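Undergrad: The sequence and its predicted three-dimensional model are supplied below.
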Amino acid sequence: MNNDIVIQVSTSESGIKESSEPLSSSHSEQLICSSSLKYVATWNEKDKVINIWRKPSSVNVVVSLDKLTNITLNELIDSLSHIKIDFHKLIELVDIYGETLMILELETNESDPHRVVYDLKNKRSLMCKYARCEFIKWKFLENGNLVTMHKQSDESCLKIELYIIKNGLYKPERSYYILTNSCENSYLFSQGQLMHGSKFLRQWNVINGDKDFEHQYYLGCSKSVQVCFNERLLAVRKSDNSLIIYSKKTGMAFFQHHQVKIRDISFCKESDLLIIQEDNDDGFNYHFVDPYFGNILYTKLLNNKHRQLIVHENVISIVNNSVQIENIFKGAEEQPYRKMSTHFLLSMTNNASIIGEYKSELKEFDKCDEYIEVSVTWKIYKSKRKLSANKNSQEVDYIILDKKAFNIFYLYILPNDDLVIHTSSDYGIIFTLNNQNKIELVFYSQLSADNKCLYNYENDSFERIFNEFMDQPIIIEMIINYLDNISTFTLYASHILRAAIKTHKGDIIDLIIEKCIDHYNKNPENIYIFKIITKSISEIQEYNHYYVKKFLNYTSLIKAPQKNKYEQVLKQKDLFIPIFILFQYHHLYGFTHNTDDDSYLLKSNTFLNFFRSLGDISYSSYSYLKSNLLSKKRSAIKLYIPLPQFVSYPTNYNFFKEFLLGPEPNEFLKLKDTDLYSDWNGEALLNFKWRKFGRFWYCINWLLYTIFLISFALATHGKFQRTTYYFSAALGFFQLLFFELRQFLWKIKKYVGSIWNLFDLIAYILPIIISIKWLKNQPLPPWVSSISIFFLELKFVFFLRVFEQFCIYFAIIIGVAKNTISFFVILAFIILVYSHAYIVLNDQTNMNFIDSFLAMYKLMTGDTSNLEFQKNPEIIVIWITFSVFTVIYLLNLFIGLLNEEIQKIDKKALFLHQRAEILAEIELFNLFPCQRRWKSWFPDHIFYYVDVDKLQKKLNEINNNDMYKDSSYKPIIHPDLLDLITSKVTNSIDLIENRTQDKILEIINPNLLKNKDQVSIILKFNGKKLVNCENNINTNDNEENNEDKVFKSMNIEENNIQDYLKSILNIIKSNVSKNKNNLTITLEFKDTKLVKYESQVD
């Protein structure tokens, strides 16, 4: 007989993959509890009895449950005889609701598993389903309804069904499915939450049935094993024994790595403390953990080797054939509070009540004794305004309190021995004694008038600090400490950044950007940290463009957190068919993650399933054509756009207000910075938007306008005039209202200030007026129609600017015109001067100014027909000077200026900026408000693929470009990214023969070791073969006597240099691998450091 215990739990606050880890016992048992923690069911394999237990009303720490009823396996099987299925074995207790309903998994004689919803009161089955699936999970909701989730091995979707259970009957309410081949990381919760995803854990609500997910959490490399959450936080336990804690309010993440072997996790119900269950030799350890800082605050040991279930702070276990529940937090609250960080204490849900208890012991400063004594003794000397910290009657540190910043009114001690001071101006100040026995300021903020126990930075506290108290060294030190620590950086950096922008503290902004990069480099999985910059990036750009440019350049090559090295993805083949320009893929292929199929919770019914089946067949055919005919495989590396929630919109909105007046702009709409589009991140972002919704809606807009243009053009040429005028008036009026009016209402000043909007208005309004006038038998003169056709067709030409092949020339025309407008002003004034002089010479002919101006303009083109040389010989002087100065000098100068301006223009960046403006208009005025909340279109995180060869070339350019030498704009290249490129290059081909490699090392190594000042090495290759080598060593004569000392240290330095040489050799390999000509590589070293690298193909 099997003597192992298997105890399982499923609660509303935790989701755990079912475990079969055995625990030693005299017999096999199972244990489940309801989401309310009021009912428990146990199964005894030895006695073959299911017992139902109920928790009595009690305030004791340990509560023994009352047995309500039991049912033997034989009684259970007999009561299911009406199903006409021959059950013989109970496999699992799945879930329980109240004292009446339970989900069981039973097995037949043929070993076929079935899931049964069993009515304990009437002893009958409500539902029975065959359960041989790749994945299956059933869960009771808090209202007693049932949710099932399963996936057959031959299906490519995860099916979810909601059943209403009422009066002993059930009926299907809703049915959903998620398109996915994976069932890993799937969780159901009793409040109706469904979580699923591999790289991203997405959360839906199966009760309201929204198609799009509510929240999205990035998991990084390893898979999740368990999820638990409360109102404020969500914790994910991963397969590598690490934890990620997500703040639902801010969307930030806290990463933790614990030495203990985590078995289960849960949140305290009355606080935000995380509880970790760990096995030990005698039973289980329950660690109370600070979820922000990861510190273990208190450990509770329960000596019971039976597996124990933890729900919130309650531990359920079987003791002496009965069930008991123990509240492991009750009565021990003081223990975790004493070691808790003040930052976590201030952010807890119930922090006001906890602080309020200790605040009751406050002392007024004018009436208090010389000191307040607890385990750490804080002494305040009033006359000196001295604050000292003492341990064991010895002073360990002291500070002098400035009267302006620390005008003390009263004070008290927190449970962790930190000192709280309230000033007469309602500032709350908290001091701690850190691990180095130094007094440290951990909080300084003005308190709310409504609640003096609420300590936070939600108001403009940092702004006041920067304006009034930055002359205090201890406050400056507090800000720096906040930014140095990853947890406090995550908690406070966004508040500090916004205050620094408002108060124009550029040094603080720069420090936050630097620290953001530092913290990311230490943990590349923490991509959430970039959200701190992204939330305020448009405000930073308005304050000082330098900081945005610095951040974008720093983060231009961020590798996506992943374990796999490089991937094979589809590459679009070149097709010379114009329509494919709209749909071609770029080497910078943006996506939310891997595939977006699992981004939707799709409703299921017969009608929709039929059309989806047709869609699946069409998509499969398209995928086959794309993969076999239109595309080919390419090696790519996954990079990340470090702008989380850059394109997202808030979830709360008013449909009609947003439809008419437009949404509150996100950072994508607010940031007007072409630097974003001068590198791959911006280009990949626009490629993603263009592929998702841009190209479709652009085609729709273009098609509508083309129909409008054709109908009006036919009407002006007398073809079907009444019909076409009616149609052009209606279609033009629709576009005028739907696009132009809404743009005007969204940003009135911006709309009026744009000449392009005036151009659009003319293109729409003139045809509408002409059509209406004609229909009223009041036709306008032909020249009005001529102007209208001119603007209509010119606007049609502008639709081509979305294509890079055409937009480059639009960008040149517009860019050069903006930069040379001053030249045109000067030219116009010169023509006016000569026009005035020409009028004076022809005063007797009554020539007007317009005729004179036109005569000068014609003269600029070489037409002298208007000049009467016989009557006025003086005109020859005007003709000669005007021709030489204007026609020959100024116009040729203008051609030179044009050429210079064209060279300056970043055509690619201008094209992308144009596409960004087009996508912004589509996003604002084509999409409905609900579509702007689709996370698959407007995700929190966007990744993209880049070709390995192009990334390799890009890295070489960065390393070799003098522009980046000692520049603050040089991109941060993570070592993992270099390893990926090196791996790809090394595995693709034997780049340099072993003999050649050894020869290169023989040349570089001794020169580098002997180098005392500077050495230059030139390597010449023919193809992949090294044909020549030159080196030049510049030594310092004053150091000749120290040569022996240098060579004595060679053995010490050699190991480090050998590792360094491997990196240099990899760079050389990447250049030589594709070389088919003569290649010269120049290396310059200074103090064993590579300072210059150049490669030139002869």
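TA: Happy to help now that I have it.
Undergrad: to the chain's geometric centre, what's the distance from stretch 75-93?
TA: 50 Å (Cα atoms, centre = their mean, to the nearest Å).
Undergrad: And stretch 233-247, by the same measure?
TA: Centre to centre, stretch against its chain (Cα atoms, centre = their mean), the figure for stretch 233-247 is 18 Å.
Undergrad: wait, residue 190 sits on residue 144?
TA: No. Residue 190 is not in contact with residue 144 according to Cβ atoms under 8 Å; the separation is 10.1 Å. (Each C-beta comes from the backbone N, C-alpha and C, glycine too.)
Undergrad: Quickly find the element holding residue 714.
TA: helix 695-716 (DSSP states H and E).
Undergrad: next one: residue 759
TA: Here residue 759 is assigned to helix 755-775, by DSSP H and E.
Undergrad: Assign a three-state SS to residue 507, would you?
TA: helix (DSSP: H, G, I helix; E, B strand; the rest coil).
Undergrad: Check the gap between the residue nearest to residue 44 when sequence neighbours are not counted and residue 43 for me.
TA: Among residues not flanking residue 44 along the chain, residue 29 sits closest, at 5.7 Å (Cβ to Cβ, 6 or more residues apart in numbering). According to Cβ to Cβ, to the nearest Å, residue 29 and residue 43 sit 6 Å apart.
Undergrad: go on, residue 740?
TA: From residue 740 to residue 43 the distance is 70 Å (Cβ to Cβ).
Undergrad: So which of these two has more stuff around it?
TA: residue 43 (22 against 18; other Cβ atoms under 10 Å).
Undergrad: looking at this, the more buried one is in a helix?
TA: No. With three-state DSSP as the criterion, residue 43 is strand rather than part of a helix.
Undergrad: State the phi and psi torsions of the residue most central in space within the chain.
TA: Note on the chain: the residue nearest the mean C-alpha position is residue 644, at 2.4 Å, using Cα atoms, centre = their mean. Dihedral pair for residue 644: phi -60, psi 140, per degrees, to the nearest 10.
Undergrad: Spit out the contact partners of it.
TA: 251, 527-528, 530-531, 534, 940-941 (Cβ atoms under 8 Å, 6 or more residues apart in numbering).
Undergrad: Tell me who's in contact with the nearest residue to it once chain neighbours are set aside.
TA: Distances taken as Cβ to Cβ, 6+ apart place residue 531 nearest to residue 644, at 4.4 Å, with adjacent residues excluded. Shown in contact with residue 531 (Cβ under 8 Å, 6+ apart): 251-252, 494, 644-645.
Undergrad: for the protein, what helix or strand is lowest in average pLDDT?
TA: Here the helix or strand of the chain ranked lowest by mean pLDDT, DSSP states H and E is strand 4-5, holding a mean of 30.
Undergrad: Just the element for the closest residue to residue 430 other than its chain neighbours, please.
TA: With sequence-adjacent residues excluded and distances taken as Cβ to Cβ, 6+ apart, residue 430 is closest to residue 443, at 3.9 Å. Here residue 443 sits within strand 439-446, counting by DSSP H and E.
Undergrad: May I have the strands that pair with that strand, each with its orientation?
TA: strand 427-433 (antiparallel) (DSSP bridges).
Undergrad: Show me the beta-bridge partners of residue 218.
TA: Bridge pairing for residue 218 - DSSP bridges - gives residue 200.
Undergrad: quick one: it and residue 943 touch, right?
TA: No. Look at residue 218 against residue 943 with Cβ under 8 Å: they stay out of range, at 10.2 Å.
Undergrad: so where do the helices sit in the stretch 1-150 of the chain?
TA: Per DSSP state H, counting those that start in this stretch, the stretch 1-150 of the chain carries helices over the ranges 73-79.
Undergrad: swap that for the stretch 351-500 of the chain, please
TA: Going by DSSP H, counting those that start in this stretch, the stretch 351-500 of the chain shows helices at 351-359, 461-468, 473-484, 486-502.
Undergrad: Please enumerate residues in contact with the helix or strand just after the helix holding residue 759?
TA: Counting by DSSP H and E, the element after helix 755-775 in chain order, helix or strand, is helix 782-798. With Cβ under 8 Å, 6+ apart as the test, helix 782-798 has contacts from 705-706, 708-709, 712-713, 716, 759-760, 762-763, 766-767, 770, 810.
Undergrad: again, only this time at 10 Å
TA: When contacts are defined by Cβ atoms under 10 Å, 6 or more residues apart in numbering, helix 782-798 is touched by residues 702, 705-706, 708-710, 712-713, 715-717, 728, 732, 756, 759-771, 773-774, 779-780, 806, 810.
Undergrad: measure residue 940 to residue 646 for me?
TA: Residue 940 is 9 Å from residue 646, by Cβ to Cβ.
Undergrad: More neighbours: which of those two?
TA: Remark: of residue 940 and residue 646, residue 646 carries more neighbours, 25 against 22, as counted by other Cβ under 10 Å.
Undergrad: For the more buried one, list the residues it contacts.
TA: 530-531, 534-535, 537-538, 666-668, 671, 676, 681, 685, 938-942.
Undergrad: again, 8 Å this time
TA: With contacts taken as Cβ under 8 Å, 6+ apart, residue 646 has the following neighbours: 534, 537, 666-668, 685.
Undergrad: Secondary structure, neighbour count and pLDDT added to these, as TSV?
TA: Output for those, formatted as TSV (DSSP: H, G, I helix; E, B strand; the rest coil; neighbours: other Cβ atoms under 10 Å; pLDDT from 0 to 100):
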residue	secondary structure	neighbour count	pLDDT
534	helix	22	92
537	helix	24	92
666	coil	20	89
667	helix	18	90
668	helix	22	91
685	helix	24	91
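Undergrad: Could you list the low-pLDDT ranges of the stretch 951-1098 of the chain?
TA: For the stretch 951-1098 of the chain, residues meeting the criterion pLDDT under 70 lie at 961-969, 976, 979-1013, 1024-1025, 1033-1067, 1069-1077, 1086-1093, 1097-1098.
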